[in-house]
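# coordinates for the following, if possible.
(one chain, ligands or ions: 2)
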Amino acid sequence: MAKTCLGLDLGSIAIKVAQVKMGRGGSVQLTAFGVEPVLPDAIVDGTIMNQGAVVDALRTLVTRLGLKQKEVALAISGHSVIIKKIFVPAMTEAELEEQIPWEAEQHIPFDKNDVEIDYQLLTGKNPQGQAEVLLVAAKKEVVRDYTAVAREAQLNPVVVDIAAFAVQNAYEAAYQAPGPGETVVLINIGASLSNLNILLGGSSAFTRDVATGGGAFTDEIKRQMNISHDDAEGIKYSATEGRTTPQVDRLLTQIGDQMAGEFSKSLDFFLASHPETRVSRIVLSGGGAHIVSLHHAIARRAHVEVEVMDPFRKMTVADPARLDPAFLQAHAPQAAVVVGLALRTPGDKFQ
Ligand SMILES: Nc1ncnc2c1ncn2[C@@H]1O[C@H](COP(=O)(O)OP(=O)(O)OP(=O)(O)O)[C@@H](O)[C@H]1O
Ligand SMILES: [Mg+2]
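Numbers count the residues shown, from 1 in each chain. Ligands and ions are numbered 1, 2, ... in the order given. The predicted model follows:
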């Protein structure tokens, strides 16, 4: 049975940790899951600004959950990551390995000394018979900062994934991979960053990180109602539970529309180059997936119902006395990235 990693999602609002155990016949057991808030501004737009605060929160969480496993899989996202699909002449794996740095130089707008490059040979071919390759470049500085947090907390980072791909991994494990010709749009809505991943058939056809998320709702409620950040956050959570006012509803609808417009831009960009494609499903995850006005706005623009991902859907829970089912249910959308990471095996590549 494949050995998995401890999933570690360093979010700007909350750190999430998840651990699973693979059973016979593909069954998966959830052995640990926890969420720990991080100090505001400790992580800003995917960059770690206050390492000590993030390490403290992680240590607290690992101790609270009594975790002994050291190997972790973590994810990065945002503007320090570039993902591109390119075509290269048919060649052997060894030749490709040698060729990649040159290809990267042409396709990646960062200095090659500043980035880690990874790639994966895909099954696609263009009409000229060239092979499709998924190229990923990540700023070394950011990879170093994220792995340093894990090491400072006495953990051993063995997989560095991309958030959008971790969400895809969680989706494919909890539901089924899209069938041929099926298009599934995954949107993981964090606090300040949203990861979009469009699956065409069985693989990712388009990814984009959009610099918006649940925090935009809080900021606007705070600004328009002239209240503190914490009060605004409280009002937003109450609205999720159905306790709201016409003024709050109006604000949530307004921001929901704006945000759905941002996501539509990316979706339209993809659809323009895939005119034969119809979106079959839109699946939301991340804490922002709780916001109902956003569901309505996205559904209205795309003419497709939106669903909320439950990455725990097919899992059994090792010890329900320790892992409260109500807690899991409440945090299920927020757990998409971390569950996708927990399902990685050491040495795994993205996708
Ligand atoms: N029940 C809820 N109702 C409304 N909003 C919620 C709820 N739960 C979480 N959120 C919002 O979701 C966001 C946090 O989601 P998530 O944990 O996915 O973000 P993160 O991973 O910490 O952030 P990022 O990925 O942007 O760094 C916050 O804006 C939070 O207010
Ligand atoms: Mg996140």
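# so how many other residues sit close to residue 212?
20 (other C-beta atoms under 10 Å). No exception for glycine: its C-beta is placed from N, CA and C like everyone else's.
# if I look at it, how far off is ligand 1?
Shown here: residue 212 relative to ligand 1, a distance of 9 Å by C-beta to the nearest ligand atom, to the nearest Å.
# that residue and residue 194 touch, don't they?
Yes - counting by C-beta atoms under 8 Å, residue 194 is a contact partner of residue 212 at 5.9 Å.
# show me what from this protein comes close to ligand 1.
Counting by C-beta under 6 Å from any ligand atom, the residues of the chain lying close to ligand 1 are 11-14, 43, 190-193, 213-215, 218, 233, 236-237, 240, 286-288, 290-291, 334.
# now, of those, which are buried?
Among these, those buried by neighbour count (16 or more other C-beta atoms under 10 Å) are 11-14, 43, 190-193, 213-215, 218, 233, 236, 286-288, 290-291, 334.
# mind checking pLDDT for residue 179?
What the model reports for residue 179 is a pLDDT of 84.
# can you count the residues close to the residue lying closest to it once chain neighbours are set aside?
Excluding its sequence neighbours, the residue lying closest to residue 179 (C-beta to C-beta, 6 or more residues apart in numbering) is residue 201, at 7.2 Å. Using other C-beta under 10 Å, the number of residues around residue 201 comes to 14.
# do residue 265 as well
Neighbourhood size, residue 265 [other C-beta under 10 Å]: 11.
# with the one 3 residues further on instead?
One way to gauge burial is a neighbour count; for residue 268, by other C-beta under 10 Å, it gives 11.
# and it, how far from ligand 2?
Residue 268 sits 24 Å away from ligand 2, taking C-beta to the ion, to the nearest Å as the criterion.
# average pLDDT across the one helix or strand that residue maps to?
Following DSSP states H and E, one finds residue 268 within helix 246-273. Averaging pLDDT along helix 246-273 yields 96.
# rewinding a little: near ligand 2, list only the ones from the residues of the chain next to ligand 1.
Checking these against ligand 2 by C-beta under 5 Å from the ion, the ones in range are 11, 190.
# the stretch 51-200 of the chain: strands as residue ranges?
Using DSSP state E, counting those that start in this stretch, the strands of the stretch 51-200 of the chain run over 71-76, 81-88, 115-125, 131-139, 156-162, 183-189, 194-200.
# I'd like these as CSV, with distance to ligand 2 and mean pLDDT appended.
Output for the strands of the stretch 51-200 of the chain, formatted as CSV (distance: least, C-beta to the ion, whole Å; pLDDT from 0 to 100):
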stretch, distance to ligand 2, mean pLDDT
strand 71-76, 8, 97
strand 81-88, 13, 93
strand 115-125, 21, 89
strand 131-139, 16, 93
strand 156-162, 12, 96
strand 183-189, 7, 97
strand 194-200, 8, 96
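# could I get the ones you listed as JSON lines with distance to residue 58 and mean neighbour count?
Shown next, in JSON lines, are the strands of the stretch 51-200 of the chain (distance: least, C-beta to C-beta, whole Å; neighbours: other C-beta atoms under 10 Å):
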{"stretch": "strand 71-76", "distance to residue 58": "10", "mean neighbour count": "25"}
{"stretch": "strand 81-88", "distance to residue 58": "21", "mean neighbour count": "18"}
{"stretch": "strand 115-125", "distance to residue 58": "22", "mean neighbour count": "15"}
{"stretch": "strand 131-139", "distance to residue 58": "20", "mean neighbour count": "20"}
{"stretch": "strand 156-162", "distance to residue 58": "12", "mean neighbour count": "21"}
{"stretch": "strand 183-189", "distance to residue 58": "20", "mean neighbour count": "26"}
{"stretch": "strand 194-200", "distance to residue 58": "21", "mean neighbour count": "24"}
